[in-house]
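Visitor: please find the sequence and the predicted model below.
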Amino acid sequence: MEKAPNADAYIYQQKNALAANPDCGTTHYNLGVALLGQGKIEEAEKSLYAAIECSPGLAEAYVQVGGICLKRGDMDGCLDWNQRGVKAKPGFSEGWGNIGFVLLQRGDIAGAIKALEKATTFNFRFVQAFATLANAYLMNGQVKESIETNLKALKLSPEFAVAHNNLAIAYLEDGQPALAVEHADKARELGYDVAPEILKELEPYRA
């Protein structure tokens, strides 16, 4: 298929393709994602449901519906759709990452760690999942694991401010204030709003 010059033309192409082959789950999915990109949420949702109906193994569609639920503040829906996604494709890292995020928000730290460890095992370049996992480790008192995981995130994305902020907290907890100062400064330099209480705690360690 020739490349569409813009989103409207791409959507038109997908709708034409569906007119010829209405049972193609992938085309329904592509249409849904394109509609999401235009902010047409309800229309996109219908296309994603159609994608799942035509192709029940299309894990990406479940996760997109979960994302819509999250934007609406429906954490239960987000968790449910992502769980369906990883059931359809057990190695789907994005689904595991989203499950981990929701469980962490709910305070289920052990469940979050389990899901996020799967996300980072299935996709060792999943920066956001590494950062969330590092945060979960820190909340669980696993400071060394948190440091190690944040460093993995920074190896993938050196300018990832969240990981620098997390490291500042973890190094402070680990009794390494000089490194904590370094990463807090880097996080701020990258535009991250480091908590005032952390900055206050680091003040005595500045040269």
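Guide: All right, it came through fine. Please read these numbers as outputs of a predicted model, since none were measured by experiment.
Visitor: ok, D174 - contacts?
Guide: Neighbouring residues of D174 by Cβ atoms under 8 Å, 6 or more residues apart in numbering: V143, K144, I147. C-beta: built from backbone N, CA, C; applies to glycine.
Visitor: and it, how far is that from V63?
Guide: Taking Cβ to Cβ, to the nearest Å as the criterion, D174 is separated from V63 by 35 Å.
Visitor: name the member of the contacts of D174 with the most neighbours.
Guide: I147 (21 neighbours; other Cβ atoms under 10 Å).
Visitor: got the contact list for that residue?
Guide: A134, L167, A170, Y171, D174.
Visitor: tell me the mean pLDDT over stretch 44-56?
Guide: Across stretch 44-56, the average pLDDT comes to 97.
Visitor: so where's the chain shaky on pLDDT?
Guide: 1-5, 207 (pLDDT under 70).
Visitor: for the chain, what spans make up the helices?
Guide: Remark: helices assigned in the chain by DSSP state H are 7-20, 25-37, 41-54, 59-71, 75-88, 93-105, 109-122, 127-139, 143-156, 161-173, 177-189, 196-202.
Visitor: of the contacts of I147, just say which sits nearest to E159.
Guide: Of all the contacts of I147, L167 has the smallest distance to E159: 13.4 Å, by Cβ to Cβ.
Visitor: what subset of the contacts of I147 is buried?
Guide: Buried members of the contacts of I147, scored by 16 or more other Cβ atoms under 10 Å, are A134, L167, A170, Y171.
Visitor: the last one reaches P177, doesn't it?
Guide: Yes - with contacts counted by Cβ atoms under 8 Å, Y171 reaches P177, the gap being 7.1 Å.
Visitor: still on that earlier bit, of the contacts of I147, closest to L104?
Guide: A134 (11.2 Å).
Visitor: how close does that closest one sit to Q83?
Guide: Distance from A134 to Q83, by Cβ to Cβ: 23 Å.
Visitor: and what of E201?
Guide: 39 Å.
Visitor: same deal with A112?
Guide: 14 Å.
Visitor: which one's more surrounded, the two?
Guide: Neighbours per residue, other Cβ under 10 Å: of A112 and Q83, the larger number sits with A112, 25 against 18.
Visitor: quick one: the more buried one and V63, what's the gap?
Guide: 17 Å.
Visitor: the closest residue to A34 other than its chain neighbours - how many residues pack around it?
Guide: For A34, ignoring the flanking residues on the chain, the nearest one in space by Cβ to Cβ, 6 or more residues apart in numbering is I11 at 5.0 Å. By the criterion of other Cβ under 10 Å, I11 has 20 neighbours.
Visitor: would you agree I11 is in contact with L36?
Guide: No - distance between I11 and L36: 11.0 Å, which falls outside the contact criterion (Cβ under 8 Å).
Visitor: which residues touch the closest residue to A115 other than its chain neighbours?
Guide: Nearest in space to A115, with sequence neighbours left out and distances taken as Cβ to Cβ, 6+ apart, is G100 at 3.7 Å. Counting by Cβ under 8 Å, 6+ apart, G100 makes contact with G111, A112, I113, K114, A115, L116, A119, A129, T132, L133, A136.
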